[in-house]
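A.B. asks: any chance you could fold what I've pasted below:
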Amino acid sequence: DSLEELKGQQVSFRIIEIGRGHRAVGSIRAVASELRKAAQEKLWDARRHVFAADGEKCISCLGQAWMVIAGVPPEEEAQQCLNAVLKDVSARKPRTPYGCHYFVEALYRAGLRSEADRTLLAYWGGAMVEKGADTFWEAFMPGDDKLSPYGDCRLNSYCHACSCGPSYFLRNLNFKALTR
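C.D. replies: Sure, this is the predicted structure:
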């Protein structure tokens, strides 16, 4: 079936958790709604205003970002969890432009435009440029010049398509920081 033919149709599928015998059959929207609800109930730490699995002490910027992008928290909680990781020096920060893209996107979606603009400019237009970049690098973490997903930074790509998040934001999210 073509995508056009599938639009508007009820699509059913089955989720099976191996070893637990749990099955859920229903529309993608219904199951996604149940998954969002379960994530909110089981992972939201109201004391720290973050999503944390099993009371984990260290939280992740990307964990919060993916929850926001998936539509799990309402806007106020989305802003709380993203602001919490921005302020927490021990929070695991994105180590690649690919990851930073999702964090910036979550900031925009949560209505934290100033923080998103600031993060985008500081990461791609600040620290990476200061290191001599005239392309978007595959792996980059300010303060770690040897960062590599391959164990040796000489194997990294220094012109990497998955790292060009700023071009997406400039074209699609009405990025205004450069016009100020």
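A.B. asks: quick one: the helices in this structure?
C.D. replies: 3-6, 28-43, 61-69, 75-87, 97-109, 113-122, 128-130, 165-172 (DSSP state H).
A.B. asks: look up how far Asn172 lies from the closest residue in space to Arg48 that isn't next to it in sequence.
C.D. replies: Leaving aside its chain neighbours, Arg48 sits nearest to Ala84 (6.5 Å; criterion: CB to CB, 6 or more residues apart in numbering). Glycine gets a C-beta too; all of them are placed from N, C-alpha and C. According to CB to CB, to the nearest Å, Ala84 and Asn172 sit 27 Å apart.
A.B. asks: between these two, which has more neighbouring residues?
C.D. replies: Comparing Ala84 with Asn172 by other CB atoms under 10 Å, the one with more neighbours is Ala84, at 18 against 10.
A.B. asks: quick check: that one touching Cys61?
C.D. replies: No. With contacts counted by CB atoms under 8 Å, Ala84 stays clear of Cys61, the gap being 9.8 Å.
A.B. asks: any shared contact partners between the two?
C.D. replies: Here Ala84 and Cys61 have Ala91 as joint contacts, going by CB atoms under 8 Å, 6 or more residues apart in numbering.
A.B. asks: burial of Ser90, as a residue count?
C.D. replies: So Ser90, with other CB under 10 Å, has 9 neighbours.
A.B. asks: in this protein, what helix or strand scores lowest on average pLDDT?
C.D. replies: strand 12-17 (a mean of 46; mean pLDDT, DSSP states H and E).
A.B. asks: so what's the residue most central in space within the chain up against?
C.D. replies: Ranked by distance to the mean C-alpha position of the chain (CA atoms, centre = their mean), the top residue is Tyr102 at 3.2 Å. When contacts are counted by CB under 8 Å, 6+ apart, Tyr102 is found next to Leu62, Ala65, Trp66, Ile69, Pro94.
A.B. asks: that one and Ser157, how far apart?
C.D. replies: 19 Å.
A.B. asks: where does pLDDT dip in the chain?
C.D. replies: Where the chain drops to pLDDT under 70, the residues are 1-27, 54-55, 163, 173-180.
A.B. asks: apply 90 and report the result again.
C.D. replies: Residue ranges of the chain with pLDDT under 90: 1-44, 46-47, 52-59, 89-90, 93-98, 117, 120-151, 153-180.
A.B. asks: how about the contacts made by Phe103?
C.D. replies: Going by CB under 8 Å, 6+ apart, Phe103 touches Cys61, Leu62, Ala65, Pro94, Thr119.
A.B. asks: need the max-distance pair from the residues you listed.
C.D. replies: Using CB to CB, these span at most 13.0 Å, a distance reached by Leu62 and Thr119.
A.B. asks: how close does Asp134 get to Leu107?
C.D. replies: 26 Å.
A.B. asks: neighbour count: these two, which is higher?
C.D. replies: Leu107 (27 against 8).
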